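Peer 1: fold the stuff below for me.
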Amino acid sequence: MTLPVLRMRRRDVDEAHRASTPLELLFDLTFVAAVASVVTELAHGIEANHALDELPNFLMVFFAIWWAWLTFTWFASAYDTDDVPYRLLTMLQMGGVLVLAAGVPSAFGDGDFLLITVGYFIMRVALIAQWLRAAAQDADGRATALRYAAGIGVVQTLWIVRLFVASDLPLPAQIALFAALALCELAVPLWAERRGSTAWHPHHIAERYGLFTIIILGESVLAATVGVQRIVTAGDATGEFVLLAASGLALLFGLWWVYYLEPAGEGLARNRDASYIWGFGHYFVFAALAALGAGLEVSVQSLGDHGEAAPIVIGYAVAVPVAVFLVAMQALYRPLLASETVIRPAVSLPGAAVVLLVPLLAAALSLAVVVLLITVVIAVIIFITVLQQRAATRGCP
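Peer 2: Have a look, this model is predicted:
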């Protein structure tokens, strides 16, 4: 079957049964390597008791990964033609992701962001081409598309300039420069859409974010599995190891459950104006889940090789990401759902506070018990929320 070359026009925001395409799913898979690299490097930092030193690199590199995924996702929701030019440009972006992933170790080890910048450049050039095609073929969205292309091009030029000047700056200045350029990236959509909103599909966007959440949770499972393999190979499997592995899996399952309790698609359909905060604020949700994978990996490995990190440090490597996840979910969904979140703040926020207290018990209890207690907190949040949902359903006429 020959794919026709279609005229790129904005898709219907009310299109029925809009779902992720096979190409979008393939695109997501390329991010597996990038996220895995970041999680592995952060785990090494935690294991060597240098978690705070590695945290800036983790947050910066993860921003590049997340932002590249996000900008493709929102463009595809509005302009996916799935024809030959679209597919080829998407493949180019996938290649950029793989180049970026290859540069993660050097960014963490030597502070060398060359490959990451090159990979990011490849992705951004492909996206600019997509926006220029939209501008040429969709008269109604031309002004917005041209603004996107121009804004992305200008900021990408600044990223290249940063590559040559940042190495001579002290670390705080490098971080500040990165943060300034990240804010410029966030400002591009605000500026571009002043000339008209893109026609993204609310339920499609909600599905895409949910799928990326599953990918990151999958990376957490993979990271923990690496630790499990080392323990089993060394013959150090114990009852504590089994408890930790089971608790870690239950924790990831619980966070997946928490994420999917909130009706993102319905909220985006009713309140499109809140999409900016919800969509961009997911950086904290995704970064927290990725960091959790590193924490779980180190937790398992600590049972066998006894790294340099103290048990309380490893406990907080699990607890802090979980707490950030819970707080971020409330911060993002309350504006989206007009303060009618399924998980009430009176449940999730105290839960986050309790999670942050649990690692203080690490000196008296094992890490396995610490992770188990954190998992129990998540289970209690889910249990209370489900009971409240049932009570609300019974109270409806």
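Peer 1: show me the contacts for the nearest residue to residue 202 once chain neighbours are set aside.
Peer 2: Of all residues not flanking residue 202 in the chain, residue 268 sits nearest, at 3.5 Å (C-beta to C-beta, 6 or more residues apart in numbering). Using the backbone N, CA and C atoms, a C-beta is placed for each residue, glycine as well. For residue 268, the contacting residues are 202, 203, 205, 206, 274, 275, 278, 336, taking C-beta atoms under 8 Å, 6 or more residues apart in numbering as the criterion.
Peer 1: go again with 6 Å.
Peer 2: Contacts here follow C-beta atoms under 6 Å, 6 or more residues apart in numbering; on that basis residue 268 touches 202, 206, 275.
Peer 1: quick one: the helices in this protein?
Peer 2: Across the chain, reading from the start of the chain, the helices by DSSP state H fall at 22-47, 51-79, 84-102, 104-110, 114-137, 142-165, 171-192, 202-234, 239-261, 264-270, 275-305, 311-336, 345-357, 367-395.
Peer 1: can the ones you listed go into TSV with extra columns for mean pLDDT?
Peer 2: Listed next are the helices of the chain as TSV, based on pLDDT from 0 to 100:
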stretch	mean pLDDT
helix 22-47	90
helix 51-79	92
helix 84-102	93
helix 104-110	87
helix 114-137	94
helix 142-165	94
helix 171-192	93
helix 202-234	83
helix 239-261	90
helix 264-270	91
helix 275-305	90
helix 311-336	94
helix 345-357	95
helix 367-395	90
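Peer 1: which one, of those, ends up nearest to residue 5?
Peer 2: Comparing the helices of the chain against residue 5 with C-beta to C-beta, the closest turns out to be helix 84-102 (5.9 Å).
Peer 1: so what does that closest one touch, helix or strand wise?
Peer 2: helix 22-47, helix 114-137 (3 or more C-beta pairs under 6 Å, 6 or more residues apart in numbering; DSSP states H and E).
Peer 1: not counting its own residues, what contacts that helix?
Peer 2: 3, 5, 23, 27, 30-31, 33-34, 37, 115-116, 118-120, 122-123, 126, 129-130.
Peer 1: ok, stretch 142-157 next?
Peer 2: 124, 128, 131, 132, 134, 135, 184, 185, 188, 192, 195, 196.
Peer 1: ok, so of these, who is nearest residue 70?
Peer 2: For the contacts of stretch 142-157, the nearest to residue 70 is residue 185 (9.7 Å; C-beta to C-beta).
Peer 1: show me what contacts the closest one?
Peer 2: With contacts defined as C-beta under 6 Å, 6+ apart, the neighbours of residue 185 are 67, 155.
Peer 1: from residue 141, how far out is it?
Peer 2: When C-beta to C-beta, to the nearest Å is applied, the distance between residue 185 and residue 141 equals 21 Å.
Peer 1: and if you look at residue 289?
Peer 2: From residue 289 across to residue 141, the span is 33 Å (C-beta to C-beta).
Peer 1: and for residue 48?
Peer 2: Between residue 48 and residue 141 the distance is 50 Å, computed by C-beta to C-beta.
Peer 1: and those two? which has more neighbours close in?
Peer 2: Here residue 48 and residue 141 are compared on neighbour count by other C-beta atoms under 10 Å; more neighbours surround residue 141, at 23 against 14.
Peer 1: centre-most residue in the protein?
Peer 2: In the chain, the residue lying closest to the centroid (C-alpha atoms, centre = their mean) is residue 286, at 2.7 Å.
Peer 1: show me what contacts that residue?
Peer 2: With contacts defined as C-beta under 6 Å, 6+ apart, the neighbours of residue 286 are 66, 216.
Peer 1: can you check residue 124 too?
Peer 2: Remark: with contacts taken as C-beta under 6 Å, 6+ apart, residue 124 is in contact with 152, 156.
Peer 1: would you list the helices and strands packed on helix 84-102 in TSV and tack on distance to residue 375?
Peer 2: Shown next, in TSV, are the helices and strands packed on helix 84-102 (distance: least, C-beta to C-beta, whole Å):
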stretch	distance to residue 375
helix 22-47	19
helix 114-137	34
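Peer 1: ok, the closest residue in space to residue 106 that isn't next to it in sequence to residue 58 distance?
Peer 2: Closest residue in space to residue 106, ignoring its immediate chain neighbours: residue 112 at 4.3 Å, by C-beta to C-beta, 6+ apart. Here residue 112 is placed at a distance of 16 Å from residue 58 (C-beta to C-beta).
Peer 1: more neighbours: which of those two?
Peer 2: The residue with more neighbours, out of residue 112 and residue 58, is residue 58; 22 against 15, by other C-beta under 10 Å.
Peer 1: please report the distance of that one from residue 316.
Peer 2: Distance, residue 58 to residue 316, using C-beta to C-beta: 15 Å.
Peer 1: kindly report the same for residue 90.
Peer 2: Residue 90 sits 39 Å away from residue 316, going by C-beta to C-beta.
Peer 1: repeat that for residue 196.
Peer 2: Taking C-beta to C-beta as the criterion, residue 196 is separated from residue 316 by 46 Å.
Peer 1: the more surrounded of those two?
Peer 2: It is residue 316, of residue 196 and residue 316, that has more neighbours when counted by other C-beta under 10 Å, with 23 against 15.
Peer 1: residues in contact with that one?
Peer 2: Remark: with contacts taken as C-beta under 6 Å, 6+ apart, residue 316 is in contact with residue 359.
Peer 1: repeat that for residue 81.
Peer 2: Residues touching residue 81, when contacts are defined by C-beta under 6 Å, 6+ apart, comprise 6, 8.
Peer 1: give me the pLDDT for it.
Peer 2: Per-residue confidence at residue 81 stands at 89 (pLDDT).
Peer 1: just residue 3 next, same as before
Peer 2: According to the predicted model, the pLDDT of residue 3 comes to 61.
Peer 1: can you check the one 10 residues further on too?
Peer 2: With respect to pLDDT, residue 13 has a value of 84.
Peer 1: leaving out sequence neighbours, find the closest residue to it.
Peer 2: Counting by C-beta to C-beta, 6+ apart, residue 199 is the residue found nearest to residue 13 once chain neighbours are left out, at 5.1 Å.
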